[in-house]
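>>> What follows is a predicted protein model with its sequence.
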2 protein chains.
Amino acid sequence: MPLSSQVSNDISVFFEPESVAVVGPTNNPLKFGHYLMLNLLDLGFKGKVYPVNLKADAVLGVKAHPRVDLIPEEVEVVAIIVPARSVPQVMKDCAKKGVKGVVILSSGFREAGGKGIKFEREIVETAKKAGIRIVGPNTTGILNTSNSFTTSFVPLPKLRKGNVAFIAQTGLFAAAAFWWILSAEPFGLSKVMGLGNKSDVDDSEALEYLARDEDTTVVAIYMEGIKEGRKFLAAAQKATQRKPVLILKSGRTEEGMKAALSHTGSLGMRDEIFDVACKKVGAIRVRDFEELMDLAKAFALQPLAKGNKIGIASMTGAGCVMAADYSTEHNLEVAELSDETVRYIGSYLPSWVKVKNPFDSEMLFESVGPEECLKISLEGMLSDRNVDCVLGVLPSSPMFAFDIETPIKELREKYPYKPLTINIIGSKDMVDLWTKQLEDISVPVYPSIERCVKALGALSRYQKI
Amino acid sequence: MPLSSQVSNDISVFFEPESVAVVGPTNNPLKFGHYLMLNLLDLGFKGKVYPVNLKADAVLGVKAHPRVDLIPEEVEVVAIIVPARSVPQVMKDCAKKGVKGVVILSSGFREAGGKGIKFEREIVETAKKAGIRIVGPNTTGILNTSNSFTTSFVPLPKLRKGNVAFIAQTGLFAAAAFWWILSAEPFGLSKVMGLGNKSDVDDSEALEYLARDEDTTVVAIYMEGIKEGRKFLAAAQKATQRKPVLILKSGRTEEGMKAALSHTGSLGMRDEIFDVACKKVGAIRVRDFEELMDLAKAFALQPLAKGNKIGIASMTGAGCVMAADYSTEHNLEVAELSDETVRYIGSYLPSWVKVKNPFDSEMLFESVGPEECLKISLEGMLSDRNVDCVLGVLPSSPMFAFDIETPIKELREKYPYKPLTINIIGSKDMVDLWTKQLEDISVPVYPSIERCVKALGALSRYQKI
């Protein structure tokens, strides 16, 4: 499915190859090359897989070939995991074979300095002449949950489809972070593109591709450096018009830049400049991995907020005060409740109690019990035309256990167009149970009030773009 | 155990009463008054407990009295949970009886406006004349894990001793937050003092008391307003010379102040001024509940850092870059490793690999396996005289399961004076298991690299004070 008439500008082959050769696979389960091969065989990828190994006749039961150019069938993509010094020759073999794309997983190139710089220059030159596109080197490469194709060399579980795509200048997102998402997050991944040293394919191209990808509704980026700032920002501006783009950029400080140079050979840029540019093009910048997951979850599960007015219902008074602070700090306004809401919630309370936003529902809790309290206070907020997004703060304890799933599910179905986030504090078993129940019905739960508010703030800000 | 010769300045009676009367207990398990009484009877408190109830002969099987002043035995502390309008008369009964302290749990006072303001003024006047100290109103009051005394009216599990004390202008810390700490945090609480509207006993007195309390090594404060700023800061300055003081102050923004006014009747102060003052007196200010828990955990479990030089060992390259950024941002310097460390770690690596800080241990991982990699990289950092605190970043997956507890326990015993925090990313089951194993041996684990670095930064900054 080429997206452009020029094959060389089309990086879709990296996600949908019909045939792939693996250079450097091994039967030794202590080596990464083992898992690269195993993932291609075990996770469900339906294309052809050709191991390339000089010494072994077969790897993991599949007939091996001594060189890429000696494989008799067509090969679209080659994944390379041999030492850096051997990669220039492998690239020549790939050129001879006429492959379309090469993913280089090995490290020891520009980021290592010395001869590594020379190796990287050589492979780029060979590839350019032959019209081969390169992903990497120094990455875990590609992961596509829709066809189970991956070049990750980290043992992976069965892939689960989702709507969040990651572009990452690190192996993390097709490795440990992928495990985390699969086991702990309520959203799933569509595609991962690890770029490593970005010797050829860069963030801009990856972003352009994922902006058009129909399986992807949110794009999250981890980057340490940008080669062509202007090109990237143009791509980001285009992409944000279609879907939210979240950016975690490290190498923000001098020490960080030094570390980035030896991790991915990235050169730094002044962080303030990048920050302003992100705001200008509508990309959402985050500080750390946790915030990246938090916002990916919000965008993956929730609708956007139509405006910046927040409604807050908290069963603890302190929750009201903190939520009001964070709202101001994350560009949300505490909504003026409509008369209908004040009357609706007030009808369950003694006449002298004033219903305000934030609404402290402790009294309501004592008068109608926890389940009704939850229903009434959240429905008041969700139904209010002055409220664009809703935060609920709930305490939990085994002694106040009640059914939280049914009322919130009903409210979600009745008011599907207003984002809702929930903070739960209390005994860990209950927090874990309720979190799972709510996230299974697409209501994001965060372990801090500020993280709830930040998520709503992002859903509101992106809507404005 | 009076701490001062003037009884009226001594608030220790609130934590160690030999007798307590409960005004407003009930046999109805839907009411908070029920649990107030139940906690006193069930959690292990050894003092005398006298229910006061006009209608019932007995509450939860204990003989009730119609009024406080009709109890024939001595009563030191009275816990009140009847509606606000009845409290002024109860206070008069308390004065007649000659009790030492009253904890008012009921709300509906200054924070409610109107008549509530009058009620609060009346009780304060009566108490002052009679030499009675007041905690509250509008709080969950007191909790002391060393004698299981509590005035909390939220169902609580058996108390567990610990070394962190909370002063809180909210019921949260003797309720939902208490449940959380008990079930999810590796540290425990020594004492909780809920101050509510602070009609009499305030943060300054609570802080003075807890600064001298031998069960407490860390004091954490949640506050919405300060009445006498100067007095509080003087108390904080004194307290920080003995132990770290963490402050979460809400009501920082206009909206937050409005909410605080109706939660605890607190008046705001300009946040920038408070911020500068905290820094001046050496108190550590935090933004949210999560950060309060994070730092309480660090101070409760770890030694202080002797300086601000951090050593970073990460099994992911991205972890190195991010950790370097956060270090700079949280006032830590990336240490220059000693020659011994460079040689020690380098002896396990090919000669062309440069050992640097942050140390990316991916190569070491592949050459010696995960367990040895962990040991060598962390020992290199912990033994280095140029390094004051250490961060470890570990990926986890069921396929790379190994014993993490034994090596880290050995290192902890060998280098007990250098703080260590760990970030784990990977499959949730493994993250949870490793977190539990490490926190059981007093090594704090955080779900984000930034939170690890922030904790080390606080351990370093406090040392300087």
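Looks like it came in fine. Residues are numbered from 1 along each chain as shown, chains lettered A, B, ... in the order given.
>>> Show me which residues of the stretch 151-300 of chain A sit near chain B.
Residues of the stretch 151-300 of chain A found near chain B (Cβ under 8 Å from any Cβ of the partner chain) are A:154-155, A:157, A:168-172, A:175-177, A:179-180, A:182-184, A:222, A:224, A:250-256, A:258-260, A:262-264, A:287-290. (Glycine included, C-beta is placed from N, CA and C.)
>>> Out of those residues, name the ones that lie in helices.
A:176-177, A:179-180, A:182-184, A:254-256, A:258-260, A:262-264, A:289-290 (DSSP state H).
>>> on that earlier part again, of the residues of the stretch 151-300 of chain A next to chain B, buried ones?
Among these, those buried by neighbour count (16 or more other Cβ atoms under 10 Å in any protein chain shown) are A:154-155, A:168-172, A:175-177, A:179-180, A:182-184, A:222, A:224, A:250-253, A:255-256, A:258-260, A:262-264, A:287-290.
>>> Correct me if wrong: residue A:277 contacts residue A:237.
No: Residue A:277 lies out of contact with residue A:237 (Cβ atoms under 8 Å); the separation is 9.6 Å.
>>> Same drill for these two, tell me which one is more crowded.
Legend: neighbour count by other Cβ atoms under 10 Å in any protein chain shown for residue A:277 and residue A:237, higher for residue A:277 (19 against 16).
>>> Residue A:20 in helix, strand or coil?
strand (DSSP: H, G, I helix; E, B strand; the rest coil).
>>> Who are the packing partners of the helix or strand of chain A with the lowest mean pLDDT?
Taking mean pLDDT, DSSP states H and E as the measure, chain A has helix A:254-264 as its least confident helix or strand, at a mean of 85. Under the contact criterion of 3 or more Cβ pairs under 8 Å, 6 or more residues apart in numbering or on different chains; DSSP states H and E, helix A:254-264 touches helix B:317-329.
>>> now with 10 Å?
Judged by 3 or more Cβ pairs under 10 Å, 6 or more residues apart in numbering or on different chains; DSSP states H and E, helix A:254-264 is in contact with strand B:309-314, helix B:317-329, strand B:333-334, strand B:359-360.
>>> Residue A:300 is nearest to which of those?
helix B:317-329 (21.7 Å; Cβ to Cβ).
>>> Tell me the residues of the stretch 351-465 of chain A that contact chain B?
With Cβ under 10 Å from any Cβ of the partner chain as the criterion, the stretch 351-465 of chain A meets chain B at residues A:352-354, A:356-358, A:360, A:362-363, A:365-366, A:369, A:393-400, A:423-432, A:446-451, A:453.
>>> one more time with 7 Å, if that's ok
Contact residues, the stretch 351-465 of chain A versus chain B (Cβ under 7 Å from any Cβ of the partner chain): A:356, A:358, A:360, A:366, A:395-397, A:399, A:425-429, A:447-450.
>>> Tell me the buried residues within those residues.
If we count by 16+ other Cβ under 10 Å, those have these buried: A:356, A:358, A:360, A:395-397, A:425-427, A:447-450.
>>> Which two of the residues you listed have the greatest separation?
Taking every pair in these and measuring Cβ to Cβ, the maximum separation is 29.3 Å, between A:356 and A:427.
>>> Show me the domain layout of chain A.
Listed by automatic domain parsing, the domain ranges of chain A are A:1-301, A:309-464.
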